[in-house]
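**Student:** coords please:
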Amino acid sequence: MTYFSRLTDIVSCNLSEILASNENPEKALEVIIVEMREGFAGAERAVNNAKRQEERILSELETYRGELATWLSEAKEALQAGNEAAARKALHRKQEMEDVVAGLEQQHKAAQATVKHLTTTFRAVEGRLNEALRKQAQLKGEDVPEAAGSTLGAPPSELVEERNKTIEDELANLKKELGM
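**Tutor:** Predicted coordinates for the structure are as follows:
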């Protein structure tokens with residue numbers, strides 16, 4: 001039986017409901033965990049692909065921004081040499097590059113938003129998978145792991161660092177709040 005057809009199904013599922021309505025919750029949970037692991041791996045690939053795309057766009061953007069300066073410099077040189085036609089031509093090319101840069105800036109913003117969205121989905125899938133692994137341990141009467149992340153394969157290091165920083169910041173705020 002397939003439980004999930006999309007990552008959003010994993011994120012929005014109610015594990016307790018699924019397990020309560022199933023005759024064999026342990027077997028159902030095994031299938032669910034396999035599907036969640038596949039979703040986790042897919043979400044990780046999507047995040048990595050989106051980051052590569054964003055980096056590619058940024059690199060291209062930087063290249064075209066450099067060309068802007070080149071065309072402006074050529075226009076100045078042509079004008080100083082008394083060649084207005086060449087200066088106009090260089091300024092025309094500069095304006096074309098400005099249009100390309102404007103388009104790439106929009107693409108870059110969209111790529112950044114995509115990375116953010118996919119990272120959020122990735123974390124949500126990871127959270128649901130950890131929840132399922134904890135439920136599985138409970139059903140088997142095993143010690144419940146604090147975090148199941150080590151069984152998932154390492155998430156991208158930037159995500160781990162970002163999450164650890166967030167946890168440390170939140171811990172510091174709680175200590176302040178409690179006067180510790």
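**Student:** which other helices and strands contact the helix or strand harbouring Lys116?
**Tutor:** Using DSSP states H and E, Lys116 falls within helix 84-139. Applying 3 or more CB pairs under 8 Å, 6 or more residues apart in numbering; DSSP states H and E, one finds that helix 84-139 contacts helix 7-12, helix 15-20, helix 25-80, helix 149-152, helix 157-177. (C-beta placed from N, C-alpha, C; glycine too.)
**Student:** closest one to Glu142 among these?
**Tutor:** With respect to Glu142, and counting by CB to CB, the nearest of the helices and strands packed on helix 84-139 is helix 25-80 at 11.9 Å.
**Student:** returning to what we had before: pick out the shakiest of the helices and strands packed on helix 84-139, pLDDT-wise.
**Tutor:** Least confidently modelled of the helices and strands packed on helix 84-139 is helix 149-152, at a mean of 46 by mean pLDDT.
**Student:** re earlier: from the chain's centroid, how far away is the helix holding Lys116?
**Tutor:** With CA atoms, centre = their mean, to the nearest Å as the basis, helix 84-139 stands 9 Å off its chain's centre.
**Student:** for stretch 32-47, same thing?
**Tutor:** For stretch 32-47, the distance to the chain centre is 14 Å (CA atoms, centre = their mean).
**Student:** Which positions in that stretch come out as buried?
**Tutor:** Using 16 or more other CB atoms under 10 Å as the test for burial, stretch 32-47 gives Ile32, Ile33, Glu35, Met36, Arg37, Gly39, Phe40, Ala43, Glu44, Ala46, Val47.
**Student:** Reformat those as TSV; add distance to Arg6.
**Tutor:** TSV is the format used below for these (distance: CB to CB, whole Å):
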residue	distance to Arg6
Ile32	14
Ile33	17
Glu35	11
Met36	12
Arg37	15
Gly39	8
Phe40	13
Ala43	11
Glu44	16
Ala46	12
Val47	16
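**Student:** re earlier: angle of the helix holding Lys116 against helix 157-177?
**Tutor:** Angle of helix 84-139 versus helix 157-177, following axes from the mean of the first three to the mean of the last three CA atoms, to 10 degrees, is 70 degrees.
**Student:** now helix 84-139 against helix 25-80, angle please.
**Tutor:** Going by the same axes, to 10 degrees, helix 84-139 is angled at 170 degrees with respect to helix 25-80.
**Student:** any idea of the mean pLDDT for helix 84-139?
**Tutor:** Throughout helix 84-139, pLDDT has a mean value of 94.
**Student:** about what we covered before: could I get the helices and strands packed on helix 84-139 in a markdown table, plus columns for distance to Lys89?
**Tutor:** Formatted as a markdown table, the helices and strands packed on helix 84-139 follow (distance: least, CB to CB, whole Å):
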| stretch | distance to Lys89 |
| --- | --- |
| helix 7-12 | 51 |
| helix 15-20 | 66 |
| helix 25-80 | 8 |
| helix 149-152 | 57 |
| helix 157-177 | 45 |
